[in-house]
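In: sequence and computational prediction follow.
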Amino acid sequence: MNCHSCRIMSTPTLSAKLQFHSLHPAKRGLLGLRRHQSRAKVTSGLRIAMLTQQSPGGKSGPLYLGIDFGTSGARYALIDRQGVIHSEGKRSYAPWQVGDAADWASSWRRALFQLLADIPSLYRPSISSIAIDGTSATTLFIDRKNGELLAGPFLYNESFSDALPAVESIAPANHTVCSGSSTLCKLVSWWNSGGSNGGADTKVLMHQSDWLLWLLHGQYGVSDYNNALKLGYDPETDSYPSWLMSQPYSHMLPSVRAPGAPIGIVKEDVRLQYGFSKDCVVCTGTTDSIAAFLAARTSEPGRAVTSLGSTLAIKLLSKDRVDDARFGVYSHRLDDMWLVGGASNTGGAVLRQLFTDDQLVALSKDIDPSVPSPLDYYPLPKKGERFPVSDPNMIPRLEPRPESDAAYLHGILESIARIEAKGYNLLRELGATAVEEVFTAGGGAQNEKWTAIRERVLGVPVRKAEQTEAAYGAALLALKGAAV
């Protein structure tokens, strides 16, 4: 969803669902948090989803809070050590005045504290740790003297092409920061347009989740190596490179820790207002897409998650790091492995241009997924592709259209599956571990015929991810931090 979509959200409302999850106990690190085997759903009219599952003696055991700040709203998940969800809920962002970016920060702050208040009071004293994820490359500039917002927020999809020549002159070729929407381009653009004036030593860059976590722990300039990747941080050496540290704005760079690392205890005013324990720890966060991957609880190299939403995004767990800005491919560190990702412009947005939801359901029934479609399309919602083909002028190819709508849909679904396969093949060609199994998130995961088509085209097992909410992945980070 782009920022224009976010501007028309309604006033904050709560919606939630009541779920029970049976999970394996957590293991070591981010990737040792294994996925669960079974899940049963229960529905309720409650505005806050809540499980009143308690340990013997009537008191809840230790709980771990994860909060996801997405493009249009925020969501929380509260889990126990086994990964069982005890409570979850969500809030939409408040309306904001177009052109006043500072109101984004106000909306996020309001949503954060509304969600804390939404957590059933009986659970709050049992919360051991908190972690938050946010949108990648969403950037704020803060005065560490008083916490004042100096500039921003600059959103994840805002491009600052004016800074690109300067960034490309210092960064290695095809580096992740060599994109107008990178965090570093946002920093350089702001610095060159007046940000360097006056009191430079007190200015600090913060990512969205850094800032939200700061509201809870009060320590300036602490980030994680997932968020810091698009700032130029090298997760392989665990340091900022010399070409970045030699720049005049290097003092603004945050310190970097592993995702889920303890930062400090919850500030006293927040603790007293919401009833948290005096030992409740705030942990470093991650990006929303990484948190969503963590939610799937897959931990072996060769395992991947394909998100079939408006677009098609793939993330593959690899033994080796792969980065190539030409295709928008970059790697996030996850413990001692790498999460390699790329995103195509194909996906559900194309289907919505051609079919209604009811038509998709009805026509899919007439598709035999075991029979390959002879139709060869390249479905795009508009001109331009980024991965696995980098061509801003690529024209959508959706012809010829057969008389049968079911055959047409079959051809489109199969063509998208071929693009997905080409994406995984490209990652392999670039040096990543070969894909061995794919978990699916997003609306496309509901279409069983499409899943069968993709399994045939990809040549590996394809299944629906049982947990896909980024808030759940953030809660797993909080669980990790509590164990440190």
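Out: Yep, it's here. Residues are numbered from 1 along each chain as shown.

In: and the helix or strand G89 falls within, which strands flank it?
Out: According to DSSP states H and E, G89 maps onto strand 85-92. Within its sheet, and counting by DSSP bridges, strand 85-92 is paired with strand 14-15 (antiparallel), strand 49-50 (antiparallel), strand 73-79 (antiparallel).

In: keeping just the C-alphas, turn the last one into PDB.
Out: The one in question is strand 73-79. The C-alpha coordinates for strand 73-79 follow below in PDB (Å, rounded to 0.1, in the frame of the first residue of the first chain):
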ATOM      1  CA  GLY A  73      -2.200   0.300  10.800                       C
ATOM      2  CA  ALA A  74      -0.600  -1.300  13.800                       C
ATOM      3  CA  ARG A  75      -1.200  -4.700  15.300                       C
ATOM      4  CA  TYR A  76       0.000  -6.500  18.500                       C
ATOM      5  CA  ALA A  77       0.400 -10.200  19.400                       C
ATOM      6  CA  LEU A  78       1.000 -11.400  22.900                       C
ATOM      7  CA  ILE A  79       2.500 -14.900  23.200                       C
END
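
In: sorry, back to before: lowest mean pLDDT across the strands paired with strand 85-92, which one is that?
Out: Of all these, the minimum mean pLDDT falls on strand 14-15 (a mean of 30).

In: let me know the secondary structure of D201.
Out: With DSSP: H, G, I helix; E, B strand; the rest coil as the basis, D201 sits in helix.

In: now do the contacts for it.
Out: Taking CB atoms under 8 Å, 6 or more residues apart in numbering, we find D201 in contact with H251. For glycine as for every other residue, the C-beta is placed from the backbone atoms N, C-alpha and C.

In: from G218, how far out is it?
Out: 19 Å (CB to CB, to the nearest Å).

In: repeat for R401
Out: Distance of R401 to G218, given as CB to CB: 59 Å.

In: swap in S87?
Out: Using CB to CB, S87 is found at 26 Å from G218.

In: what about the two, which has more around it?
Out: Remark: of S87 and G218, S87 carries more neighbours, 24 against 17, as counted by other CB atoms under 10 Å.

In: so the more buried one sits against Y123, correct?
Out: Yes - with contact defined as CB atoms under 8 Å, S87 counts as touching Y123 (5.9 Å).

In: what segments of the stretch 301-450 of the chain are strands?
Out: For the stretch 301-450 of the chain, strands defined by DSSP state E, counting those that start in this stretch occupy the ranges 303-308, 312-318, 330-334, 337-344, 437-441.

In: would you reformat the ones you listed as JSON lines and include mean pLDDT and distance to H251?
Out: Converted to JSON lines, these look like this (pLDDT from 0 to 100; distance: least, CB to CB, whole Å):
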{"stretch": "strand 303-308", "mean pLDDT": "93", "distance to H251": "37"}
{"stretch": "strand 312-318", "mean pLDDT": "95", "distance to H251": "33"}
{"stretch": "strand 330-334", "mean pLDDT": "91", "distance to H251": "24"}
{"stretch": "strand 337-344", "mean pLDDT": "94", "distance to H251": "29"}
{"stretch": "strand 437-441", "mean pLDDT": "94", "distance to H251": "39"}
